[in-house]
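Visitor: the following block contains a protein sequence and its predicted model.
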Amino acid sequence: MTMRFVKKPIVIEAMQFNNDVKGYDILQWANNAQAERGAPFISWKNDKMYIPTLEGVMTASPGDWIIRGIAGEFYPCKPAIFDATYEPCKDKNE
């Protein structure tokens, strides 16, 4: 028997990778957090961002969102999925 579930509302942090100066901003943001966790660093090469995850290294392309999850982990998300899943917080402190 299948059951239905609703995703819990959670607040995440994210930055959109657009392959310009913001790419460096993402690396600084994510790698500072990764260093605190003792996790492998994210790298940026040839217009791609490489993000180590528990499932292996995931690749982000320009336009993708880089998400910091609730456990401090990072992963990429395609813009269409991000737009269908997330909306900006109304309260900047959330």
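Guide: Arrived safely, thanks for sending. Residues are numbered from 1 along each chain as shown.

Visitor: hey, where'd the strands end up in this protein?
Guide: With DSSP state E as the criterion, the chain has strands at 13-16, 43-45, 48-53, 56-60, 65-68, 74-77.

Visitor: identify the residue nearest I70 in space, chain neighbours excluded?
Guide: Nearest residue to I70, sequence neighbours excluded (Cβ to Cβ, 6 or more residues apart in numbering): I10, at 5.6 Å. C-betas here are computed from N, CA, C, even on glycine.

Visitor: the helix or strand bottoming out on mean pLDDT in the chain: how far from the chain's middle?
Guide: Here the helix or strand of the chain ranked lowest by mean pLDDT, DSSP states H and E is helix 21-37, holding a mean of 90. Per Cα atoms, centre = their mean, to the nearest Å, the displacement of helix 21-37 from the mean C-alpha position of its chain is 11 Å.

Visitor: contacts for that helix, please.
Guide: 15-17, 40-44, 49, 51, 66, 68, 72, 74 (Cβ atoms under 8 Å, 6 or more residues apart in numbering).

Visitor: could you list the low-pLDDT ranges of this protein?
Guide: Along the chain, segments meeting pLDDT under 70 span 21, 92-94.

Visitor: spatially central residue in the protein, please.
Guide: I67 (1.7 Å; Cα atoms, centre = their mean).

Visitor: bridging residues for that residue?
Guide: Taking DSSP bridges, one obtains A14, Y75 as the residues bridged to I67.

Visitor: contacts only, for it.
Guide: Counting by Cβ under 8 Å, 6+ apart, I67 touches 12-14, 74-77, 82.

Visitor: same thing with K48?
Guide: Shown in contact with K48 (Cβ under 8 Å, 6+ apart): 59-61.

Visitor: pull out the buried members of the residues you listed.
Guide: The neighbour count (16 or more other Cβ atoms under 10 Å) marks A60 as buried among the contacts of K48.

Visitor: can you give me the buried ones in stretch 26-38?
Guide: Residues 26-27, 29-31, 33-34 are the ones in stretch 26-38 that count as buried (16+ other Cβ under 10 Å).

Visitor: I meant to write stretch 49-67 there.
Guide: Buried-residue list, stretch 49-67, by 16+ other Cβ under 10 Å: 49-52, 58, 60, 64-67.
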